[in-house]
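Asks: for reference, the sequence and a predicted model appear below.
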Amino acid sequence: MNNLPHMRPPTAKPHPVRRRALKVTAAVCALGLLATATAIPIWTGTAGPAQSAPSPSSATAPLPAVAQPCPSPAALTAAQLKTRAQQKLDPSPTRLPASTPARQALETVTVGPSGCDAIPGRFAYVHLLQWATDTTIAGNSTTTRIVLFEEQRWRAHDASGRAIRSRYPTGHQTTDDSTYHPGELDGPIGPIAADPAALTAHINANQPPFLGPTAVIRGLVSLLGWRTPNQAARTTILIVLRDTPGNTYHASVTDRAGRTGIGISATSNDIRFLLILNPTTGELLAYERAALTPPPGSDRTGPSVDDYQLFLVHSRANSSSNS
């Protein structure tokens, strides 16, 4: 169920393969189960990639719209990851306000600059958390547990990069650190397209277009999971979402870190796909996949989230180092 691209490491296979495939047994899908009122956590531990501060504006120049500083959350320590994973979780899908057609509503949304736009670097840098359901079937018994993943990802335009993954419960290993040589990360070479036709082609190469608006949402999440779009590309993303029939718009949606954004959703076969975007910059805050009815044979009794990705930052870095 995870929409992240399949990766081909040069040596050993990275550990979370099962959460990159559609499997009934031990299927791993990001599950965001924090209460919607949860505050943004205070991140401590190893600092993220070094970043250059934007140049200050001239004192005599007109003051432009001020972008918020680019966040640089530190990776969680093993103890912090365990504590966060053991928080009481709410499996209910995000509550959405009344919807309107996305085409009409997104006409009025303008994508502004982000504080991360001024950060230079060869690599796109993405830092996210994922809560996952790990389902095991033994005979007639089905059991489900929640696994928390934290990932830091670096991707260059030549499809090289690095990924550091931590999880709790730990499984076979607590942390996996994989390096990828040019061409070893799947997906289109180069940055996210800033042209609607080109971006649509990239999405269609990842998701079957006959699946309609849900394919567009999943395809965008796959691209954004490893890439940092600039302001022009974020504008193009909104254009594609606006021009996709079947997408609906929700004016105010809270993500699992307490941030309020705009929601774009699409539903198929009682599965709802939701993007939460920063209303000012268009940056992706979160993605949710929710089953509105329990899957056949499941031990669930009502609607539940089975895939949640919380994006802490999309930025850039000069090297694929976390120090």
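Replies: Received it, and whenever you're ready, just let me know what you need.
Asks: for residue 252, give me its contacts.
Replies: 97, 260, 262 (CB atoms under 8 Å, 6 or more residues apart in numbering). Bear in mind the C-beta positions are built from the backbone N, C-alpha and C, glycine included.
Asks: what about it, helix or strand, and which?
Replies: Assigned by DSSP states H and E, residue 252 belongs to strand 248-254.
Asks: I'd like the next helix or strand past that strand.
Replies: Next in line after strand 248-254, if elements are assigned by DSSP H and E, sits strand 260-268.
Asks: ok, which stretches of the protein are strands?
Replies: 28-30, 99-101, 123-138, 141-155, 161-168, 175-180, 248-254, 260-268, 271-277, 284-291, 304-317 (DSSP state E).
Asks: and of the ones you listed, who's closest to residue 187?
Replies: Of all the strands of the chain, it is strand 141-155 that lies closest to residue 187, at 8.6 Å by CB to CB.
Asks: and residue 223, how far is that from residue 134?
Replies: 26 Å (CB to CB, to the nearest Å).
Asks: between the two, which is the more surrounded one?
Replies: residue 223 (24 against 20; other CB atoms under 10 Å).
Asks: what's near enough to touch the more buried one?
Replies: Each residue near residue 223 by CB under 8 Å, 6+ apart is listed here: 187-188, 192, 202-203, 206.
Asks: can you redo the residues you listed as a markdown table with distance to residue 301, pLDDT and neighbour count?
Replies: Formatted as a markdown table, these follow (distance: CB to CB, whole Å; pLDDT from 0 to 100; neighbours: other CB atoms under 10 Å):
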| residue | distance to residue 301 | pLDDT | neighbour count |
| --- | --- | --- | --- |
| 187 | 37 | 90 | 20 |
| 188 | 41 | 91 | 18 |
| 192 | 40 | 93 | 23 |
| 202 | 39 | 94 | 18 |
| 203 | 35 | 95 | 23 |
| 206 | 33 | 87 | 18 |
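Asks: farthest-separated two in those residues?
Replies: 192 and 206 (12.1 Å).
Asks: so what's residue 278 up against?
Replies: 114, 259, 261, 284-285.
Asks: one more time with 6 Å, if that's ok
Replies: Neighbouring residues of residue 278 by CB atoms under 6 Å, 6 or more residues apart in numbering: 261, 285.
Asks: do residue 224 as well
Replies: Contacts for residue 224 (CB under 6 Å, 6+ apart) come out as residue 284.
Asks: now do residue 116 against residue 152, distance only.
Replies: Distance from residue 116 to residue 152, by CB to CB: 15 Å.
Asks: typo on my end, residue 72
Replies: Counting by CB to CB - residue 72 and residue 152 are separated by 11 Å.
Asks: try residue 250
Replies: 30 Å.
Asks: same check on residue 167?
Replies: From residue 167 to residue 152 the distance is 13 Å (CB to CB).
Asks: and for residue 274?
Replies: 24 Å.
Asks: could you do residue 86 as well?
Replies: 22 Å.
Asks: higher neighbour count, these two?
Replies: Counted by other CB under 10 Å, residue 86 and residue 152 do not tie: residue 152 has more neighbours, with 24 against 11.
Asks: excluding covalently adjacent residues, which one is nearest to the more buried one?
Replies: residue 164 (4.7 Å; CB to CB, 6 or more residues apart in numbering).
Asks: next one: residue 226
Replies: residue 155 (4.4 Å).
Asks: give me the beta-bridge partners of that neighbour?
Replies: Taking DSSP bridges, one obtains residue 124, residue 161 as the residues bridged to residue 155.
Asks: what's the end-to-end length of stretch 294-301?
Replies: Using CA to CA, to the nearest Å, one end of stretch 294-301 lies 6 Å from the other.
Asks: just how off-centre is it within its chain?
Replies: 25 Å (CA atoms, centre = their mean, to the nearest Å).
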